[in-house]
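Undergrad: pasting the sequence and the predicted coordinates here, then a few questions.
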Amino acid sequence: MKIAAGAAVAMAVALPALPAAADTPDERPDVPVGTWLAARTQPAVQLTSFTYTGTVAVPTSTINQTAFNRLVEQATATVASGKISSDERSIAKWLFQQIAADVDTYLASTTPERTVEAEVGGLCTGWWVTPDGYMVTGAHCVQVGETELSQLFAQQALAKFNKQDAKEIISGLRGLEADEEIVKLAQQIYVTFNTNHMQLRNLKQSLSVMQSLPGGGVDKTAKPVPAELVSVGESYPGKDFALLKVNGQQNLPTVPLGDDADVRTGDTLYISGFPGLVTNTPFFSLESKLEPALTEGPYNAKRTTQTGVPYIQTQAPSYHGNSGGPVFSKDGKVIGMLIAGTVSENGEASESESFVLPVSIIKEKLGEKNIKPAQTTTTTRYNEALNDFFRHYYSDSLPKFREVQALFPNHPYVAKYISDAQQAISAGKDESPKPILMWVLIGAGVLIAAVIVAVLAKVLRGRGRRRRHSEPSFVQPPPGAVAPPSWRQLPAGQVPPPAQEAYGQAAYGQAAYGQAAYGQAAYGQGADGYGPVAYNAGGYGAAPYGSAPDQSNPQYGSAPGHGNPQYGSAPDHGNPQYGPGPYGYPAPPHGQAQPPSGEQTRAVRYGQFTPPPNDRPS
């Protein structure tokens with residue numbers, strides 16, 4: 001019982017203080033909200049595209065001579081009245097203005113018919129809502145109306161015909177040198193005529209999602225994966241929602257849905273998406289176009305359209321191409337989807353007027369198709385690993401990142417984090433807490449060593465007492481020595497006079513048992529079983545936890561990204577395939593009648609397209 005009690009005391013004294021309990025796995029580390037939120041949500045945010053292909057057919061035009069002769073007579077009368085100058089250039093401009101105002105009166109269709117194969121499309125933003133491939137985006141990101149579609153094809157396919165026809169009509173001016181104004185008027189005549197008489201044949205539509213190839217990375221190796229349109233609502237200002245399905249998917253990263261009540265006026269909102277100012281500009285690399293941008297701004301007010309559809313107004317900046325992108329609260333949950341914004345007449349965005357479809361409408365539409373948002377181990381482990389990474393627990397983050405990579409090889413960011421974590425460990429920056437088991441074993445070792453020392457000390461004390469009782473009464477001199485007289489012989493244990501000290505202390509008191517045998521060599525220094533050698537250096541300090549992380553494993557050492565072969569050479573954070581644009585394609589869908597020319601702004605959807613140069617009322 002005494003030994004057990006002593007062991008408990010020794011354990012309390014020897015066991016080092018255990019590390020404080022770690023934060024809960026989902027608690028935000030001490031990093032800016034935007035940094036944490038972008039890292040968690042970017043893997044689920046994808047660039048989407050829709051494409052229309054078809055044959056564009058337009059007739060050859062000819063002048064309606066009868067109508068044109070009447071127009072010449074009107075020109076003569078106008079000159080005579082002094083309303084226009086009598087020089088040929090002024091008369092030609094007046095004629096072209098009249099024809100452009102009523103092209104079907106002065107031009108007629110004839111043969112041959114001219115055809116050209118054309119393709120138009122747009123880029124938007126979408127986000128995974130289930131691990132098996134269901135994606136949410138905006139309705140105007142997957143379809144456009146007939147009028148808008150005709151305008152897109154006309155702008156994309158008819159430019160060559162328009163220039164050719166304008167050149168021919170200018171040549172009929174009998175040697176008059178055309179200035180810039182006459183050229184523009186002539187081209188406008190045929191832009192209107194060819195668009196009005198254009199026919200679309202063999203029209204086909206396709207939807208796709210840009211996805212990384214196995215190995216991960218946001219780079220130019222990404223390819224478009226076909227998507228199926230499951231359901232679509234009404235374009236803005238309606239319930240601008242669409243649901244896509246990409247088949248053959250599993251373990252996709254997703255983002256969680258929140259509630260409308262999670263945010264209110266004054267809260268900060270975060271928009272993730274692919275602004276067209278990046279995807280359609282030639283100044284950025286293809287790789288960089290596949291990484292979503294995060295913007296933030298306050299929740300300004302809740303709005304409701306005339307048809308009763310709720311929208312959130314926010315100052316978080318958004319641009320063409322952001323349409324369909326998720327909008328987050330500071331807790332990382334989706335509270336809506338970016339749909340529209342107000343732009344000025346020259347097409348510039350007004351940052352104080354971005355409009356977000358609330359998450360309640362998204363849930364309503366998902367429920368109509370019995371789609372339940374879900375999260376798999378891919379997302380859970382990735383979020384846990386990110387929290388470890390941001391806390392500088394690099395060793396703890398590595399196995400979780402590797403699990404994510406095994407679950408979803410196409411993950412666009414995990415290889416980069418594996419590389420960064422390995423470099424941080426090599427640089428001695430790892431602050432991962434030691435496992436509790438390690439501290440327990442160290443404490444147990446110290447405890448056992450203390451018990452052994454205590455037992456040995458007790459045994460030695462017992463032997464010393466027995467030795468004193470069993471020794472002869474008088475010390476015998478060595479052979480050959482002259483024994484002192486019997487009256488000078490002293491009992492054992494008494495201190496002899498100086499001349500006789502050698503036998504009492506040197507032989508048995510100090511050298512034999514007191515110091516050499518048990519006090520120093522045997523148990524004090526030489527025992528490696530539970531002391532510093534076994535557990536501090538050899539056991540848990542060096543091999544299992546100190547150098548075991550797989551820092552030089554070929555699988556993870558060379559594969560990582562953003563600065564190694566996987567991200568360094570092949571990738572560059574970019575976009576493949578969308579060289580020319582869609583922003584670089586035609587103009588964005590507007591989906592509603594244009595306001596009178598006097599209005600300074602008009603609401604448009606932030607889809608792929610930029611407004612056609614001639615879409616403003618004259």
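TA: On my side now, so go ahead. Residues are numbered from 1 along each chain as shown.

Undergrad: per-residue confidence at residue 332?
TA: pLDDT recorded at residue 332 is 96.

Undergrad: got a list of what it touches?
TA: 36-37, 40-41, 255-256 (Cβ atoms under 8 Å, 6 or more residues apart in numbering). For every residue, glycine as well, the C-beta is placed using N, CA and C.

Undergrad: ok, 6 Å please
TA: Counting by Cβ atoms under 6 Å, 6 or more residues apart in numbering, residue 332 makes contact with 37, 40.

Undergrad: ok, it to residue 77 distance?
TA: Counting by Cβ to Cβ, to the nearest Å, the gap from residue 332 to residue 77 is 73 Å.

Undergrad: next: residue 169.
TA: Computed as Cβ to Cβ, the residue 169 to residue 77 distance reads 23 Å.

Undergrad: quick one: low-confidence parts of the stretch 151-300 of the chain?
TA: 175 (pLDDT under 70).

Undergrad: okay, strands next: where are they in it?
TA: Along the stretch 151-300 of the chain, the stretches classed as strands by DSSP state E, counting those that start in this stretch are 199-211, 223-232, 242-245, 268-273, 293-304.

Undergrad: got it, and the chain?
TA: 45-63, 107-128, 134-137, 199-211, 223-232, 242-245, 268-273, 293-304, 310-314, 326-328, 334-344, 349-358, 601-605 (DSSP state E).

Undergrad: what angle sits between the longest one and strand 293-304?
TA: So that's strand 107-128. Inter-element angle recorded for strand 107-128 and strand 293-304: 100 degrees (by axes from the mean of the first three to the mean of the last three Cα atoms, to 10 degrees).

Undergrad: tell me which of residue 169 and residue 77 has more neighbours.
TA: Ranked by neighbour count (other Cβ atoms under 10 Å), residue 169 and residue 77 place residue 169 first, with 21 against 10.

Undergrad: touching, the more buried one and residue 188? I think so.
TA: No - counting by Cβ atoms under 6 Å, residue 169 stays clear of residue 188, with 11.3 Å between them.

Undergrad: how near is residue 341 to residue 271?
TA: Residue 341 sits 11 Å away from residue 271, going by Cβ to Cβ.

Undergrad: shared neighbours of the two, anything?
TA: Listed as contacting both residue 341 and residue 271 by Cβ under 6 Å, 6+ apart are residue 318.

Undergrad: one step back: to residue 426, which of the strands of the chain lies closest?
TA: Of all the strands of the chain, strand 293-304 sits nearest to residue 426, with 30.0 Å by Cβ to Cβ.

Undergrad: can you list the strands that that closest one pairs with?
TA: Paired neighbours of strand 293-304 in the sheet (DSSP bridges): strand 268-273 (antiparallel), strand 310-314 (antiparallel).

Undergrad: let's have those strands in CSV, adding mean neighbour count and distance to residue 159.
TA: Listed next are those as CSV, based on neighbours: other Cβ atoms under 10 Å; distance: least, Cβ to Cβ, whole Å:
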stretch, mean neighbour count, distance to residue 159
strand 268-273, 24, 30
strand 310-314, 22, 37
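
Undergrad: residue 109 is nearest to which of these?
TA: Closest approach to residue 109 among the strands paired with strand 293-304 (Cβ to Cβ): strand 268-273, 43.8 Å.

Undergrad: identify the residues contacting that closest one?
TA: In this structure, residues lying in contact with strand 268-273 by Cβ under 6 Å, 6+ apart are 37, 41, 45, 125, 292, 294-296, 299, 314, 316, 318, 322, 325-328, 338.

Undergrad: cool, stretch 224-244 as well?
TA: 135, 137-140, 142, 207-211, 245-246, 305, 309, 339-340, 357, 361, 365, 369, 591, 605.
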